[in-house]
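A.B. asks: Return a 3D structure for these sequence lines:
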Amino acid sequence: MPNYNGVWSLSTQYQYAATWSADNVSPAARLAAGRTLFGASAGKIYKIDFISTADRSEFGDLSVGGSYGAAVASSTRAVWGGGSSDRGIDHAVFASEGNASDFGDLSVTRFTLTAASNSTRGLFAGGEAPSVDARVDVVDYITIASAGNASDFGNLSAAKEGSAGCASTTRAIIAGGTTGSKVDVIDYFTIGSTGNATDFGDLTSARSGPGGESSATRGVFFAGNTGSESNIIDYITIASAGNATDFGDAAVAIGSAHTSGTSSIKAIFVVSGNKFEQITIASTGNATEFGDTAAANIGGDSVGGASNAHGGIA
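C.D. replies: Predicted coordinates:
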């Protein structure tokens, strides 16, 4: 704890003892360095702070349930949508540990959807809708600062699920997935408008279940199922349409890596249960082990990771 001068009440001393760690890094500094909130399918929210060795701990509880949802975020608010049994949307404040609150509803109950956002708008795209037992091409959007139901944005290039999502401040990217067959298509949207997807290019390999993260300039797509588990990592420059380029390899092959988070410098991906791998977005090279979550299993069937420092915010 820092060395404070003056007279401090006992309650204030307890407060600082609880919120400052042994390395003298303030809660504000930890938040500013990048925080990801993971919505676990068991209904718990866990946080990872990207400072020093990265802190991992329980944050609170979700108010809606379901597996295979998706998440978006501004610099202040994390928002989760969808899942196997719910069309609900939850939100939590990054700086205030505690339970999530109801935000509104998606237009369609669906799971294995994906999401992307800038600091203002969040897009929820595709997925499988239990009501029709089929994949959908629906793209909804929300205004992150204003709770309410999602509105129609447009459509994907095809009805699909298991895609990867990421964004710059102006463009949302939806890559890969399955229409029943694995696809390599990369769609993009201009976040500030509404409308249907535009073709961006292709992944280096058609696959479902890749993880997607980005800085403000570069999107990275991690692993996924090509027909078997893969260790592929490829990347794009978000401002320039074109095909993805090889980035490196994941340390282990994995078929679903959609649970992920980023500090805009470093991206992390859940690769099995409570284990992570990491990459540095601006470079290329193979992924390395990030460590284990100190908390219970986040898992690949989570409701998604929301970061306060992703590329759509920068």
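
A.B. asks: and Arg30, that one's in a strand?
C.D. replies: No. Checked against DSSP: H, G, I helix; E, B strand; the rest coil, Arg30 lies outside a strand; its state is helix.

A.B. asks: Settle this for me: it is touching Lys47, isn't it.
C.D. replies: No. Between Arg30 and Lys47 there is no contact under Cβ atoms under 8 Å: 9.6 Å. In short, each C-beta sits where N, CA and C put it, glycine included.

A.B. asks: partners of Thr114 in the sheet?
C.D. replies: Assessed by DSSP bridges, Thr114 has beta-bridge partners Ala125.

A.B. asks: How about the contacts made by it?
C.D. replies: Going by Cβ atoms under 8 Å, 6 or more residues apart in numbering, Thr114 touches 70, 124-127, 162-165, 174, 177, 212, 258.

A.B. asks: Point out where the protein drops to low pLDDT.
C.D. replies: Flagging of the chain using pLDDT under 70 yields the residue ranges 1-24, 52-55, 65-66, 85, 273-274, 291-301.

A.B. asks: all helices in it, in order from the N-terminus.
C.D. replies: Ranges of helices within the chain are 10-19, 27-32, based on DSSP state H.

A.B. asks: what distance separates the last one from the centre of its chain?
C.D. replies: Its chain's C-alpha centre lies 19 Å from the corresponding centre of helix 27-32 when counted by Cα atoms, centre = their mean, to the nearest Å.

A.B. asks: Pull out the buried positions in it.
C.D. replies: For helix 27-32, a neighbour-count test (16 or more other Cβ atoms under 10 Å) marks Arg30, Leu31 as buried.

A.B. asks: Report the backbone C-alpha coordinates of that helix in CSV.
C.D. replies: Only the C-alpha atoms of helix 27-32 are listed here, as CSV (Å, rounded to 0.1, in the frame of the first residue of the first chain):
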residue,chain,number,x,y,z
PRO,A,27,-6.9,0.4,-8.9
ALA,A,28,-7.1,3.2,-11.4
ALA,A,29,-3.8,2.2,-13.0
ARG,A,30,-4.9,-1.4,-13.3
LEU,A,31,-8.2,-0.4,-15.0
ALA,A,32,-6.3,2.0,-17.4
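
A.B. asks: what packs against that helix?
C.D. replies: Applying 3 or more Cβ pairs under 8 Å, 6 or more residues apart in numbering; DSSP states H and E, we find helix 27-32 packed against no helix or strand.

A.B. asks: now Ile236, which residues is it bridged with?
C.D. replies: Gly219.

A.B. asks: And for Asp246?
C.D. replies: Beta-bridge partners, per DSSP bridges, of Asp246: Asp234.

A.B. asks: which residues sit in contact with it?
C.D. replies: Thr204, Ile232, Ile233, Asp234, Thr284 are the contacts of Asp246 under Cβ under 8 Å, 6+ apart.

A.B. asks: Could you check how far it is from Ile174?
C.D. replies: 20 Å (Cβ to Cβ, to the nearest Å).

A.B. asks: Which parts of the stretch 201-314 of the chain are strands?
C.D. replies: Secondary structure of the stretch 201-314 of the chain (DSSP state E, counting those that start in this stretch): strands located at 211-214, 218-225, 229-237, 245-254, 260-262, 266-272, 275-280, 288-292, 304-307.

A.B. asks: Out of those, flag the one nearest Thr143.
C.D. replies: Of all the strands of the stretch 201-314 of the chain, strand 304-307 sits nearest to Thr143, with 15.6 Å by Cβ to Cβ.

A.B. asks: So what are the sheet partners of the closest one and their directions?
C.D. replies: strand 35-39 (antiparallel).

A.B. asks: okay, the angle between the partner strand and strand 266-272?
C.D. replies: 30 degrees (axes from the mean of the first three to the mean of the last three Cα atoms, to 10 degrees).

A.B. asks: Leaving out chain neighbours, which residue sits closest to Asn225?
C.D. replies: Gly255 (3.9 Å; Cβ to Cβ, 6 or more residues apart in numbering).

A.B. asks: residues touching that neighbour, list them.
C.D. replies: When contacts are counted by Cβ under 8 Å, 6+ apart, Gly255 touches Ser208, Gly209, Ala223, Gly224, Asn225, Ser228, Glu229, Ser230.

A.B. asks: ok, the first one touching Lys182?
C.D. replies: Yes. When contacts are counted by Cβ under 8 Å, Ser208 is listed as touching Lys182 (5.4 Å).

A.B. asks: Between these two, which contacts overlap?
C.D. replies: Common neighbours of Ser208 and Lys182 (Cβ under 8 Å, 6+ apart) are Gly176, Asn225.

A.B. asks: Compare these two and say which is more crowded by neighbours.
C.D. replies: Ser208 (24 against 20; other Cβ atoms under 10 Å).

A.B. asks: List the residues that contact that one.
C.D. replies: Glu161, Gly162, Ser163, Gly176, Gly177, Thr178, Lys182, Val183, Gly224, Asn225, Gly255, Ser256.
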